[in-house]
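>>> Need a 3D model of the following:
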Amino acid sequence: MPDAINLGDLYAARQRIAGIVRRTPLVPAEALSPLAGTAVHYKLETLQATGAFKTRGAANKILSLPEEVRARGVTTVSTGNHGRAVAYVARAAGCRAVVCLSELVPENKKAAIRAVGGEVKVHGRSQDEAAEIAFALERDEGMTLINPFDDPAIVAGQGTVGLEIVEDLPRVDTVLVPVSGGGLIGGVAMAIKAANPWARVIGVSMDRGAAMYESQKAGKPILVEEVESLADSLGGGIFLDNKWTFRLVRGLVDDLILVTEEEIARAMAFLLDREHFVVEGGGAVGVAAILAGKVKNPSENCAVLLSGTNVDSKRLRRIAAEQADWLDTLG
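Modelled structure (predicted):
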């Protein structure tokens, strides 16, 4: 295992994953920019084949494995999107994938994993409990555990998002990134800071069960209670033996912001009604932070990462209906 992750790893990852991962567009936020008082752009990771950015890291990790290792299969623990990405890439690579989930993962995400050929195993009420099954598969069947975030190959794969943002918006000065385990924001921050050291990278999470936020506040990885949230894809811990992402977030991320369930719901409704984008709760937290006025001193060129689209359609329609009166107040 390398001692550090560097920019070269991100460029190598981009070459490796090019045949599986889409280069997603960065588009002007037509409705949000006037409300923010600055030029906001959306990075549309919602357009990945699996509906989320997670395909990048999964592809980089699985495709870097020797063929004889892949032949024994891969396993992972996930809150949904990473598991779907692992199953999708594994099918493309011709190997078996077993995805371990907690009982808190929504049914639509379990079905999506099965739809791309993944085997689903459900255990416990937390990601840490679900991980027990993945560890057993690694130990007993020789499968390779694809860590959802705390792995150099995963970080490098997710960091390719940042390379694309800098190429499409060279003067980017603020980037808002959803935060869970830290693989995405760690990789993105590497790319952004390498190009523009003065740029701000801000992480956003829900205000309930935000493991990376609480761990950074404590100065070390800690356990948090997992609870149901609209931002279900941001649930889960960062592992007490975290080797990579805690350090990356501590060194490269300028701020961490928390948003409420109501603020997340409003962002999802706003994106659907005003921008015509279907975005899950975890993918909408950056927009939630802007709409709630929690991003101080909005900059001239702001990029907001919309990280996933995997939300149950009935749930999204219900949220939009519940937020109709609030949307009317925006004019």
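>>> Please name the nearest non-neighbouring residue to Val204.
For Val204, the nearest residue in space outside its immediate sequence neighbours is Val285; the separation is 4.2 Å by Cβ to Cβ, 6 or more residues apart in numbering. From N, CA and C alone the C-beta is placed, and that goes for glycine too.
>>> Show the model's pLDDT score for that neighbour.
In the predicted model, Val285 carries a pLDDT score of 98.
>>> now Glu164
98.
>>> Which is the succeeding secondary structure element to the helix or strand hosting it?
Secondary structure here is read from DSSP states H and E; on that basis Glu164 sits in helix 152-168. Scanning forward in sequence from helix 152-168 by DSSP H and E, the next helix or strand is strand 174-178.
>>> For the next helix or strand after that following strand, which outside residues touch it?
On the C-terminal side of strand 174-178, the closest following helix or strand by DSSP H and E is helix 183-195. Residues external to helix 183-195 that are found in contact with it (Cβ atoms under 8 Å, 6 or more residues apart in numbering): 5-7, 10, 53, 57, 148-151, 154-163, 165-166, 170, 172, 175, 177-179, 199, 201, 203, 244-245, 248-249, 252-253, 305, 307.
>>> From these, list the buried ones, please.
For these, a neighbour count by 16 or more other Cβ atoms under 10 Å gives the buried set as 5, 7, 10, 53, 57, 148-151, 154-163, 165-166, 172, 175, 177-179, 199, 201, 203, 244-245, 248-249, 252-253, 305, 307.
>>> So what touches whatever helix or strand Tyr11 lives in?
For Tyr11, the enclosing helix or strand under DSSP H and E is helix 7-17. Counting by Cβ under 8 Å, 6+ apart, helix 7-17 makes contact with 2, 55-56, 59-60, 63-64, 152-153, 156-157, 159-160, 162-163, 187, 190-191, 194, all of which sit outside it.
>>> ok, 6 Å please
Residues from elsewhere that reach helix 7-17, judged by Cβ atoms under 6 Å, 6 or more residues apart in numbering: 59-60, 63, 156-157, 159-160, 163, 191, 194.
>>> Likewise for stretch 288-295?
For stretch 288-295, the surrounding residues in contact (Cβ under 6 Å, 6+ apart) are 36, 204, 257, 259, 263-264, 267.
>>> picking up where we left off before, using CSV, list the CA coordinates for the helix holding Glu164.
Provided in CSV are the C-alpha atoms of helix 152-168 (Å, rounded to 0.1, in the frame of the first residue of the first chain):
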residue,chain,number,x,y,z
PRO,A,152,-6.2,5.0,-2.2
ALA,A,153,-7.7,3.6,-5.4
ILE,A,154,-11.2,4.7,-4.3
VAL,A,155,-10.0,8.2,-3.5
ALA,A,156,-8.1,8.5,-6.7
GLY,A,157,-11.1,7.3,-8.7
GLN,A,158,-13.5,9.7,-7.0
GLY,A,159,-10.9,12.5,-7.4
THR,A,160,-11.3,12.4,-11.2
VAL,A,161,-14.5,14.5,-10.6
GLY,A,162,-12.3,17.3,-9.4
LEU,A,163,-10.0,17.0,-12.5
GLU,A,164,-13.1,17.5,-14.7
ILE,A,165,-14.4,20.5,-12.6
VAL,A,166,-11.0,22.3,-13.0
GLU,A,167,-10.9,21.7,-16.7
ASP,A,168,-14.4,23.0,-17.3
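>>> count of residues packed around Ile146?
With neighbours defined by other Cβ atoms under 10 Å, the count for Ile146 comes to 27.
>>> Next up, the contacts around it.
61, 74, 76, 86.
>>> Kindly report the same for Leu163.
Under the criterion of Cβ under 6 Å, 6+ apart, the neighbours of Leu163 are 10, 191.
>>> shaky segments in this protein?
Residues of the chain meeting the criterion pLDDT under 70: 1-3.
>>> any idea how it splits into domains?
For the chain, the domain assignment from automatic domain parsing gives the residue ranges 7-53+151-329, 55-145.
>>> which residues are contacting stretch 241-254?
When contacts are taken as Cβ under 6 Å, 6+ apart, the neighbours of stretch 241-254 outside the stretch itself are 149-150, 181-183, 185-186, 189, 193, 200-203, 221.
>>> first to last residue in it, what's the distance?
Distance between the boundary residues of stretch 241-254 (Cα to Cα, to the nearest Å) amounts to 23 Å.
>>> Could you do stretch 277-292 as well?
Between the opening and closing residues of stretch 277-292 there is a gap of 19 Å (Cα to Cα).
>>> could you say what helices and strands whichever strand or helix holds Gly83 packs with?
Following DSSP H and E, one finds Gly83 within helix 81-93. If you count contacts as 3 or more Cβ pairs under 6 Å, 6 or more residues apart in numbering; DSSP states H and E, helix 81-93 packs onto helix 55-63, strand 74-78, strand 97-101, helix 107-115.
>>> how near is the closest residue to Gly182 other than its chain neighbours to Asp168?
Using Cβ to Cβ, 6+ apart and skipping residues adjacent in sequence, the residue nearest Gly182 is Thr245, 3.1 Å away. To Asp168, Thr245 is 25 Å away according to Cβ to Cβ, to the nearest Å.
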